[in-house]
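Asker: Got a sequence here, can you model it:
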Amino acid sequence: MVFVSRDVAQSDFRGLMTDIFAPTDDYAGFLPPFFADRPDGEDVTIRSFMVGDPLPDQAVPAIPDALRLFFDLVVPAAERAGSDGFALLWLDRHPHEQPGWRLSLAHLGDVAGLDAALAKPLARLAKSIPLADFETASWQETRPLWRKRAEPVRLVFWGRMGSHARAVAGHGDAASFYPPVGAGLRMDHVLCGLPLLDDMLGVPLARGGLSFEDSLRIGISLGRAHLVESWIEAGGAEKEPFFRPMRLWHQAWLAAAVLDPALAALAMAGQPPMPVLEYGPSASPQSRRAALDDLSGWLSTLFFNEAHPAHRNAFIAGVQHAVWLDSDLQQYAQPQQRAEILQGLMPYCRWFLAMALYNHLGNLVENRVSDDQSAFYEALIAALPELAPLGPFATRRDMEQHIIRIDAHRAAAAFDTLVLPFCDVLMPKMKLAAARR
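Answerer: Prediction:
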């Protein structure tokens, strides 16, 4: 993992407003596209079923023949119906319930459209094996549930989602930019498909270059993957099945987060290839952590280096404080740890606050503040009223004196929701040497 001093960096914040990483030439190779006509997560319906009887233990059983046949039939049936979506077969690893098979069906549309598109393959499955409703929800509601208890076993896409999956995982250079393919996984392997769910349905990353929020998100993805490996090692073999869903989903989200930087690296002459992550069944927490360390060093060398201090600080804040910055993980932080976590995050909060204030108040003096910048500043002042007395002609010392009065908990709560987004409104993104369209 990457570590830096807690001392707040001293930089000329106005100097950071230059276009720090402009591309020289567009990458000559063909790049896979962004997912076209990206839906809102609330518009993706996911209907889940309990399949068959509860299982006797936590071992991974063979997939029932009826489910194998369903997966052979569901893609052509859904595509004939004009649906865009996916089917995910998973094992329920909830620690307080009996393990069992679960089948989730997703459709870019409403429940009626999903039921109409998949009526025939579902009816055929129901004749062979008992089905019971488990949950019907949106992508946004289902994603946290899966992280906690769903061990993915089989995943197929259809319609536009299938086309996008083939464009990414089947790309000729995929081994250089898509971690599962680089690790030797086949396109039809469930762990090869998982990152594509986030690429298609998650919050878009690196549109028009890397923002500070993007750099933070990449850092969080790396940091939480490290945390999960530590928890698995501490829990031992007995607890490993219950941590497995979290490990697989966080590994997938990391692969999705680094996809665009890895694509950009293809156009950066003389740079080392992205390190391969560990996906093999014999991999241990130690070997997976070693691969994460290699990835961290690669990212720090190519993108989050001393030439780009703001992006570097956002990335490192995410790596080191993922347990706080990922809302799903906060529950796992012990109360006695929280004060230490917040104190560790404070130098980064103060550094970005100072950068934002320096640039925004300078813009006020020069009368070049946009409406969205004014709205963000008002929201920031509402959350952190200690900053309200600062005027357009405040000195850097004035800013520092007001920033240091903000208590750690409120500053940390505003860091990823207000402070970094405000910096992104004020400052240019890191331009990538090659980018998807």
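Asker: just the helices in the stretch 251-400 of the chain please.
Answerer: Per DSSP state H, counting those that start in this stretch, the stretch 251-400 of the chain has helices spanning 259-265, 285-302, 309-320, 322-325, 335-365, 371-383, 396-403. These are given in chain order.
Asker: Please point out which parts of the shortest one sit buried.
Answerer: Right, helix 322-325. Within helix 322-325, the residues that count as buried by 16 or more other CB atoms under 10 Å are 322, 323, 324, 325. Bear in mind the C-beta positions are built from the backbone N, C-alpha and C, glycine included.
Asker: Now do the second one against residue 231, distance only.
Answerer: Taking CB to CB, to the nearest Å as the measure, residue 323 falls 10 Å from residue 231.
Asker: Ok, the last one next?
Answerer: From residue 325 across to residue 231, the span is 17 Å (CB to CB).
Asker: Can you tell me the closest non-neighbouring residue to the residue of the chain positioned farthest from its centre?
Answerer: Of all residues in the chain, residue 393 has its C-alpha farthest from the mean position, at 39.2 Å, by CA atoms, centre = their mean. Nearest-residue entry for residue 393: residue 365, 6.8 Å, with adjacent residues in sequence omitted and distances by CB to CB, 6 or more residues apart in numbering.
Asker: Tell me how many other residues crowd the one you found.
Answerer: The number of residues packed near residue 365 is 11, by other CB atoms under 10 Å.
Asker: isn't residue 240 right next to residue 231, touching?
Answerer: No. Under the contact definition of CB atoms under 8 Å, residue 240 does not touch residue 231, with a separation of 9.9 Å.
Asker: Residue 69 is nearest to which of the helices of the stretch 251-400 of the chain?
Answerer: Distances from residue 69 to each of these were compared using CB to CB; the minimum, 33.1 Å, belongs to helix 259-265.
Asker: what's the closest one in contact with?
Answerer: Contacts with helix 259-265, where a contact means CB atoms under 8 Å, 6 or more residues apart in numbering, come from 27, 31-32, 168, 176-179, 195, 199, 205-206, 210, 218, 271, 273-274, 299, 302-303, 432-436.
Asker: rewinding a little: can you list residues touching both of residue 323 and residue 231?
Answerer: Any residue near both residue 323 and residue 231 by CB under 8 Å, 6+ apart counts here, and that gives residue 332.
Asker: picking that back up, in JSON lines: the buried residues of helix 322-325, plus distance to residue 87 and pLDDT.
Answerer: Compiled in JSON lines, the buried residues of helix 322-325 are given as follows (distance: CB to CB, whole Å; pLDDT from 0 to 100):
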{"residue": "322", "distance to residue 87": "31", "pLDDT": "94"}
{"residue": "323", "distance to residue 87": "33", "pLDDT": "91"}
{"residue": "324", "distance to residue 87": "35", "pLDDT": "91"}
{"residue": "325", "distance to residue 87": "32", "pLDDT": "92"}
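Asker: Need those in CSV (columns: distance to residue 163).
Answerer: Shown next, in CSV, are these (distance: CB to CB, whole Å):
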residue, distance to residue 163
322, 33
323, 37
324, 38
325, 34
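Asker: Out of those residues, which is nearest to residue 355?
Answerer: With CB to CB as the yardstick, the closest approach to residue 355 among those comes from residue 325, at 18.3 Å.
Asker: Run a quick check on the closest one versus residue 217, I expect a contact.
Answerer: No. The pair residue 325 and residue 217 does not pass the contact test of CB under 8 Å, sitting 9.1 Å apart.
Asker: so what sits against both of those two?
Answerer: residue 318.
Asker: Just the strands from the protein, written as ranges.
Answerer: Remark: strands of the chain, listed N- to C-terminal, are 44-51, 85-92, 101-108, 131-138, 150-158; assignment by DSSP state E.
Asker: Each with direction, which strands does the first one pair with?
Answerer: With DSSP bridges as the test, strand 44-51 is paired with strand 101-108 (antiparallel), strand 131-138 (antiparallel).
Asker: what is the mean pLDDT for it?
Answerer: Along strand 44-51, the predicted local confidence has a mean pLDDT of 97.
Asker: What lies in contact with that strand?
Answerer: So strand 44-51 is contacted by 64, 67, 85, 100-111, 113-115, 125, 129-139, 142, 201 (CB under 8 Å, 6+ apart).
Asker: Now a ChimeraX select for only the buried ones of the residues you listed.
Answerer: A single ChimeraX command is used to select the members of those judged buried by 16+ other CB under 10 Å:
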select :64,67,85,100,101,102,103,104,105,106,107,108,109,113,114,125,129,131,134,136,137,139,142,201
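Asker: quick one on the thing from earlier: report the separation between the residue nearest to residue 393 and residue 389.
Answerer: With distances defined as CB to CB, the gap from residue 365 to residue 389 amounts to 17 Å.
Asker: Tell me the pLDDT of the residue nearest to residue 393.
Answerer: At residue 365, the pLDDT value in this model is 91.
Asker: does it really touch residue 391, like I thought?
Answerer: No. Residue 365 lies out of contact with residue 391 (CB under 8 Å); the separation is 9.6 Å.
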